[in-house]
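> Just need the structure, nothing else, for what follows:
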Amino acid sequence: MTPDVKALLDEREIISIALRYARSIDTHDLEGFLSCFTEDALYGFAGSQVQGHRKLAWTVDATARLFSAGQHQTTNFEVTLDGDRAAMRSCYLATQVWREPASDPLFVMGGLYDDILTRTPQGWRIANRLLTNLWTKGDAKVIAAAGFSHLLA
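A predicted model of the protein is given here:
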């Protein structure tokens with residue numbers, strides 16, 4: 001296999017992880033969600049990152065408690081390979097339906113994922129995912145009352 005083909009395959013696998021992450025969080029698939037990350041991965045917003053699978057599992061649970069449905073769309077993948085490490089920046093649009101009544105039944109967030117990935121024996125995994133909300137739309141009072149003010153741009 002030529003180096004160019006190997007790089008294309010690595011890039012494709014890395015982008016597939018981002019897509020699996022979106023599907024897993026939307027379907028509350030904990031196993032699929034955790035399979036995107038290294039065991040000791042960092043995850044979250046600046047100033048509020050958690051570390052490790054046990055704490056990452058809380059994210060899927062919290063999403064299921066707050067929202068009855070949701071859809072994450074991930075686009076504009078920029079992958080930089082460096083041996084067994086990689087960086088990826090992508091954009092997200094997350095549309096959520098509140099479980100509890102709100103003045104607007106939808107809560108929408110748009111922002112950036114900045115990922116550091118590492119090649120493991122199981123394939124590429126996210127070692128650090130930093131989320132940056134650029135904007136939100138919808139009734140933010142519900143999310144603030146639930147203790148998730150860090151999600152607000």
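> Kindly provide the whole-number mean pLDDT of stretch 36-54.
In this model, stretch 36-54 has a mean pLDDT of 92.
> list the buried ones in it?
36-38, 41-44, 53 (16 or more other Cβ atoms under 10 Å). (Each C-beta comes from the backbone N, C-alpha and C, glycine too.)
> Switch those residues over to a markdown table; also include distance to residue 9 and secondary structure.
Converted to a markdown table, the buried residues of stretch 36-54 look like this (distance: Cβ to Cβ, whole Å; DSSP: H, G, I helix; E, B strand; the rest coil):
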| residue | distance to residue 9 | secondary structure |
| --- | --- | --- |
| 36 | 18 | coil |
| 37 | 21 | strand |
| 38 | 20 | strand |
| 41 | 22 | strand |
| 42 | 26 | strand |
| 43 | 26 | strand |
| 44 | 30 | strand |
| 53 | 26 | helix |
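> Now residue 114: which helix or strand?
Residue 114 belongs to strand 106-120 when assigned by DSSP states H and E.
> chain center to that strand: distance?
How far strand 106-120 lies from its chain's middle: 4 Å, per Cα atoms, centre = their mean, to the nearest Å.
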